[in-house]
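Asks: Sequence plus the predicted model coming up.
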Amino acid sequence: MNSPAPIAVITGGTGYLGQAITGLLNSHGWNVVILSRSHSEVKGATVHVCDITDEEQVRTTMQKIMNGGTLLSACIHAASPHLARKPIVGLTLEECKDQMDVAFLGAFLLAKYATPYLTRDGAFIGITSAAIEPGASPGLMGSYPAAKSALRALLRSLAKELAPEVRVYAVAPGFLPGGLNADLPLSVREFISRKAGKDAQTPEAVAELILDLLQKTAAYAPGSSIDMPSRTVSPL
């Protein structure tokens, strides 16, 4: 008898990066379940309307998803709200909270209500950013770097608390020419991509790293942050 397909729950799965992750996992035999604020059809996935910053919605949605008793193999936190390109002290309180709520609180609630359903040696992956790495110059990104730093700190705590049953990772992409950056003029996005040359990043490359983290369990030590595109590894 064939083993059932592994199941991954992903936040932000209807977005630019999330759809690339969803498509690749699905093409490799995964069942993908997306948590999204607004319903959207995504090929190869089941979408559940769920505000990941609302505790009751996350709790009840996870109970609904796992009602049949099947366990998860992966949780991926890829959700990220609109980027406010302002100095951080120029943000409104709501603009600041939006980033912090989705990046940090959303990851916390996903961990609280989804990790109990993870199989042993399952994975919890958070998408952080190269903008928070030492030496980075993030520019005008509002509270985005602070929110991603908080996410990384949460992942560090989870890595210690959930080991060895759950493998926890951060994936830190650099500039991607869509999604959060789609508001930039096309000429600017093309310039940054040309400047990166062979190191220009794509959502597909990020998705490939995530697939490797899920399927090549010995390739990356749990509790690691992996920068893109070099795949440089550092401790959380």
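Replies: Arrived safely, thanks for sending. Just so we're clear, the structure is a prediction, and the values are computed from it rather than from any experiment.

Asks: Only C-alpha atoms from now on, for both contacts and neighbour counts.
Replies: OK.

Asks: quick one, helices of this protein?
Replies: Applying DSSP state H to the chain gives helices spanning 16-27, 55-65, 93-100, 106-114, 144-162, 186-196, 203-215.

Asks: Would you reformat those as JSON lines and include mean neighbour count and mean pLDDT?
Replies: As requested, the helices of the chain are exported to JSON lines (neighbours: other C-alpha atoms under 10 Å; pLDDT from 0 to 100):
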{"stretch": "helix 16-27", "mean neighbour count": "21", "mean pLDDT": "95"}
{"stretch": "helix 55-65", "mean neighbour count": "16", "mean pLDDT": "96"}
{"stretch": "helix 93-100", "mean neighbour count": "18", "mean pLDDT": "95"}
{"stretch": "helix 106-114", "mean neighbour count": "21", "mean pLDDT": "97"}
{"stretch": "helix 144-162", "mean neighbour count": "20", "mean pLDDT": "97"}
{"stretch": "helix 186-196", "mean neighbour count": "13", "mean pLDDT": "78"}
{"stretch": "helix 203-215", "mean neighbour count": "18", "mean pLDDT": "96"}
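
Asks: check contacts around the most centrally placed residue in the chain.
Replies: In the chain, the centroid-proximal residue (C-alpha atoms, centre = their mean) is residue 78; its distance is 2.4 Å. Contact partners of residue 78, counting by C-alpha atoms under 8 Å, 6 or more residues apart in numbering, are 10, 11, 12, 13, 17, 18, 126, 127.

Asks: what's the closest non-adjacent residue to the fifth one?
Replies: Read it as residue 17. Leaving aside its sequence neighbours, residue 17 sits nearest to residue 203 (C-alpha to C-alpha, 6 or more residues apart in numbering; 5.2 Å).

Asks: So the one you found sits against residue 176, correct?
Replies: Yes - with contact defined as C-alpha atoms under 8 Å, residue 203 counts as touching residue 176 (7.0 Å).

Asks: ok so, going back, could you check how far the residue nearest to residue 17 is from residue 179?
Replies: 9 Å (C-alpha to C-alpha, to the nearest Å).

Asks: Mutual contacts of those two, please.
Replies: 16, 17.

Asks: Pull the contacting residues for the residue nearest to residue 17.
Replies: Residue 203 neighbours (C-alpha under 8 Å, 6+ apart): 16, 17, 20, 21, 176.

Asks: possible to save those as CSV with distance to residue 186?
Replies: Converted to CSV, those look like this (distance: C-alpha to C-alpha, whole Å):
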residue, distance to residue 186
16, 16
17, 18
20, 21
21, 24
176, 12
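
Asks: circling back: name the nearest of the contacts of residue 78 relative to residue 217.
Replies: For the contacts of residue 78, the minimum distance to residue 217 (C-alpha to C-alpha) is 16.4 Å, reached by residue 126.

Asks: if we can go back for a sec, among the contacts of residue 78, which lie within strands?
Replies: If you go by DSSP state E, the contacts of residue 78 have 10, 11, 126, 127 in strands.

Asks: Which residues are in contact with the last one?
Replies: With C-alpha under 8 Å, 6+ apart as the criterion, the residues that contact residue 127 are 76, 77, 78, 170, 171, 172, 173.

Asks: returning to what we had before: could you measure from the residue nearest to residue 17 over to residue 74?
Replies: From residue 203 to residue 74 the distance is 19 Å (C-alpha to C-alpha).

Asks: And for residue 122?
Replies: Distance of residue 122 to residue 74, computed by C-alpha to C-alpha: 6 Å.

Asks: again with residue 12
Replies: Computed as C-alpha to C-alpha, the residue 12 to residue 74 distance reads 14 Å.

Asks: Settle it for me: which of those two has more neighbours?
Replies: residue 74 (27 against 23; other C-alpha atoms under 10 Å).

Asks: what's the neighbour count on residue 81?
Replies: Other residues close to residue 81 by other C-alpha under 10 Å number 17.
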